[in-house]
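Participant: Pasting the sequence and the predicted model now:
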Amino acid sequence: MKSFATAAALSAAALLSLAGPALADPGDVHRVTGERVNLRSAPSDDANIRGTVEQGERLVEIRREGNWIGVRAESSGAEGWVFQDLVKMAAPSNLGGAEPVRTAGFGSLSPGFDTMLAEISNQMGMRLFERVEQTGEGALRLVPTREFLRDGTKESHMLAALAVQQMWKNHQNGRPVSVAMLGEGGRSYLDLDDRGPNGPALTLDVPRTAAR
């Protein structure tokens with residue numbers, strides 16, 4: 001059986017894999033130029049249509065693949081892929097000039113894991129967490145940055161929470177734990193909890209914006 005430390009490392013490695021070329025230009029804001037543009041589930045004309053965005057709507061870039069841009073609509077939070085010729089950049093990302101992340105806020109719990117998350121933050125071009133708080137026996141609360149909530153994908157949010165949960169569980173000598181990631185207004189956006197009688201449980205709430 002893999003140790004919890006190994007599981008945490010694997011989760012973090014999976015998160016790091018999302019921080020490569022796919023997130024090369026996160027945070028750029030584009031404006032829809034087509035009259036009505038499809039949001040597709042994958043970067044292909046053959047992919048399913050998730051929804052549409054109207055001319056003039058603002059889209060935040062999440063990732064790129066070839067001539068396709070993975071985006072999130074500012075107004076609705078809907079995510080999907082659009083063809084690059086149907087949008088025009090409205091504002092460049094302000095993430096690129098950020099100072100390197102040297103600590104991820106987990107130093108008191110696990111210096112090694114803190115270093116790993118700091119590296120992931122630098123690869124993604126954004127700091128993932130403002131701070132981490134121990135709120136009770138086996139309970140940890142994550143306060144993510146505005147950038148990570150807005151520009152990270154659902155997959156990266158879940159992988160980050162899972163990696164932290166595994167690290168935290170290892171720190172608690174394998175005892176049941178919970179990890180809650182906050183969203184708008186300090187509400188729980190994503191919660192991983194294996195303290196219940198039925199084993200691990202995941203709760204995901206939307207929409208999500210930064211907790212400030």
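Facilitator: Alright, I've got the coordinates. What you see is a predicted model, and the numbers here were worked out from it, not measured in a lab.
Participant: So, low pLDDT: which residues of this structure?
Facilitator: The chain contains residues with pLDDT under 70 at 1-27, 92-101, 206-212.
Participant: Okay, helices next: where are they in it?
Facilitator: Using DSSP state H, the helices of the chain run over 4-17, 111-124, 146-151, 154-171.
Participant: Please name every helix or strand in contact with the last one.
Facilitator: The one in question is helix 154-171. In terms of contacts (3 or more CB pairs under 8 Å, 6 or more residues apart in numbering; DSSP states H and E), helix 154-171 is packed against helix 4-17, helix 111-124, strand 139-144, helix 146-151, strand 178-182, strand 188-193, strand 201-204. To be clear about C-beta, it is placed using only N, CA and C from the backbone, and glycine gets the same treatment.
Participant: Equivalent analysis for the shortest one, please.
Facilitator: Helices and strands touching helix 146-151, as assessed by 3+ CB pairs under 8 Å, 6+ apart, comprise strand 58-65, helix 154-171.
Participant: Please point out which parts of the last one sit buried.
Facilitator: Taking 16 or more other CB atoms under 10 Å as the neighbour-count basis, helix 154-171 is seen to contain the buried residues 156-171.
Participant: returning to what we had before: for residue 85, find the nearest of the helices of the chain.
Facilitator: Of all those, it is helix 146-151 that lies closest to residue 85, at 22.5 Å by CB to CB.
Participant: Please name the nearest non-neighbouring residue to the residue in the chain sticking out farthest from the centre.
Facilitator: Most distant residue from the mean C-alpha position of the chain: residue 35, 30.0 Å away (CA atoms, centre = their mean). Distances taken as CB to CB, 6 or more residues apart in numbering place residue 55 nearest to residue 35, at 5.2 Å, with adjacent residues excluded.
Participant: could you measure the one you found against residue 33, distance?
Facilitator: 7 Å (CB to CB, to the nearest Å).
Participant: Residue 132 too?
Facilitator: 41 Å.
Participant: Pick out whichever of these two has more residues nearby.
Facilitator: Legend: neighbour count by other CB atoms under 10 Å for residue 132 and residue 33, higher for residue 132 (20 against 12).
Participant: OK, contacts around the more buried one?
Facilitator: Listed by CB atoms under 8 Å, 6 or more residues apart in numbering, the contact partners of residue 132 are 105, 106, 109, 140, 141, 142, 143, 164.
Participant: Would you map out the domains in this protein?
Facilitator: Domain assignment for the chain by automatic domain parsing gives 4-21+97-204, 28-91.
Participant: Centre of the chain to the longest one, how far?
Facilitator: When you say that, I think you mean domain 4-21+97-204. 10 Å (CA atoms, centre = their mean, to the nearest Å).
Participant: cool, the shortest one as well?
Facilitator: In terms of CA atoms, centre = their mean, the gap separating the centre of domain 28-91 from the centre of its chain is 18 Å.
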